[in-house]
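Undergrad: structure of the sequence below:
(one chain, ligands or ions: 1)
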Amino acid sequence: MGRVYNFSAGPATMPLPVLEEIQAELLDYKGSGMSVMEMSHRSKVFQTIADEAEADLRELMNIPDNYKVLFIQGGATLQFSMIPMNLCKNGVFDYIVTGAWSKKAASEAKKFGKVNVVATSEDKNYSYIPDCSDLPIDDDADYVYICENETIHGTTFQTLPNTKGKILVSDQSSMFLSKPCNVSDYGMIYGGVQKNIGPAGISIVIIREDLIREDLKDANTPVYMRYDTHAANGSMYNTPNCWAIYVCGKVFKYLKSIGGLEKMNEINVEKAKVLYDFLDSSKMFNGTVEKEVRSLMNVPFVTASKELDAEVVAATKAAGFDNLKGHKSVGGLRASIYNAMPIEGVKALVEFLKKYEEENA
Ligand SMILES: *Cc1c(COP(=O)(O)O)cnc(C)c1O
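TA: Predicted coordinates:
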């Protein structure tokens, strides 16, 4: 079988046991005589798939009863608009900008109100997380926004910002389910699923019930853009992305089977250490962000020159390690080592880079 170690930032590698189960169920899902992609979303068999997916996610993340779980199409990007549209009361939004994704989210929010960038690490190409213990939070802020793990730059918030009583909204796209999460610290958590969970095309929104407004009907807000629409209809106001919900559900069951998010975090810490220890000892390859805030999921690193970066990327690809080219805004290489990347893949990559350095130093 020709599977490679796939270090893509997204869509990204999936757990092999999940892919195998999907393959086995492809033509005839549990005696239904059809594939999940062929069945009515109103059927009992699909309703069971959706219900189990939500229940398993609630169990994994320990989601309190006063939070709704929504599966919404449009990826994480649609949420950049839905968040300010739905959470707008005073029309003031505080954003902490720690990379390309929070910057995009902030610029979209400007269409719906006044955006304050209350902290940013833009001055050093987002290679650190600013001190967020005493920010100039606006008294009128409807929410404080973060991208908790910056996929492109490779940083993660180690502690959540002090929002001074305002609700926190977090984009967890590239760290979803990578470690335990105390949901009640947030007003809303969301993420596109194609980084750390399943196939592209949906985002999962976990939102505190009292933040879901029902008065937006009267404000000409498009029906699909309202959280109350999705909440009132069990995420099936229209035809959902059934396939993605099905695959995400499989991944939730898989995570439960290996011991849940505590266990996943242990594995992720051990796995990232293999790569970071190597980068710390290497003369040829250097990490690009402050050590204290390094991401366990996305690991950008560079050599001394663009030419050498490109040579290394080509050499890794030829050796069966794919998608290591860094994002253009950082350059170099980036290894995305999400939940589904086995530690063997990271060890093999490190062995390869070590040897490359020895031979080319
Ligand atoms: C990939 C990514 C997005 C965008 O996701 P789409 O589903 O393509 O819209 C947003 N935020 C973060 C942190 C991401 O990694």
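Undergrad: which residues of the stretch 51-200 of the chain fall in strands?
TA: Using DSSP state E, counting those that start in this stretch, the strands of the stretch 51-200 of the chain run over residues 67-73, 92-97, 114-120, 143-147, 149-150, 155-156, 168-171, 188-192.
Undergrad: figure out which of those is closest to the ligand.
TA: strand 188-192 (3.0 Å; CB to the nearest ligand atom). Using the backbone N, CA and C atoms, a C-beta is placed for each residue, glycine as well.
Undergrad: deepest of the strands of the stretch 51-200 of the chain, which one?
TA: Neighbour counts (mean count of other CB atoms under 10 Å) averaged over each of the strands of the stretch 51-200 of the chain peak at strand 149-150, with a mean of 30.
Undergrad: list the neighbouring strands of that strand plus their orientation.
TA: If you go by DSSP bridges, strand 149-150 pairs up with strand 155-156 (antiparallel).
Undergrad: pLDDT averaged over the strand it pairs with, what's the number?
TA: Mean pLDDT, computed over strand 155-156, is 98.
Undergrad: just how off-centre is it within its chain?
TA: Put simply, strand 155-156 sits 12 Å off its chain's centre (CA atoms, centre = their mean, to the nearest Å).
Undergrad: same deal with stretch 226-246?
TA: Mean-position distance between stretch 226-246 and its chain equals 19 Å (CA atoms, centre = their mean).
Undergrad: then that stretch to PDB, C-alphas only?
TA: What follows is stretch 226-246 as a C-alpha-only set of coordinates in PDB (Å, rounded to 0.1, in the frame of the first residue of the first chain):
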ATOM      1  CA  ARG A 226     -28.000  32.500  12.300                       C
ATOM      2  CA  TYR A 227     -27.000  30.200  15.000                       C
ATOM      3  CA  ASP A 228     -30.600  29.900  16.200                       C
ATOM      4  CA  THR A 229     -31.500  28.400  12.800                       C
ATOM      5  CA  HIS A 230     -29.000  25.600  13.200                       C
ATOM      6  CA  ALA A 231     -29.700  25.100  16.900                       C
ATOM      7  CA  ALA A 232     -33.500  24.900  16.400                       C
ATOM      8  CA  ASN A 233     -33.100  22.300  13.700                       C
ATOM      9  CA  GLY A 234     -30.500  20.000  15.100                       C
ATOM     10  CA  SER A 235     -28.000  21.200  12.500                       C
ATOM     11  CA  MET A 236     -30.300  20.000   9.800                       C
ATOM     12  CA  TYR A 237     -32.100  23.100   8.600                       C
ATOM     13  CA  ASN A 238     -31.000  22.200   5.200                       C
ATOM     14  CA  THR A 239     -29.100  19.100   3.900                       C
ATOM     15  CA  PRO A 240     -26.100  18.900   6.100                       C
ATOM     16  CA  ASN A 241     -22.700  17.600   5.000                       C
ATOM     17  CA  CYS A 242     -23.700  14.000   6.000                       C
ATOM     18  CA  TRP A 243     -20.500  12.500   5.000                       C
ATOM     19  CA  ALA A 244     -18.300  14.800   7.100                       C
ATOM     20  CA  ILE A 245     -20.500  14.300  10.100                       C
ATOM     21  CA  TYR A 246     -20.300  10.500   9.700                       C
END
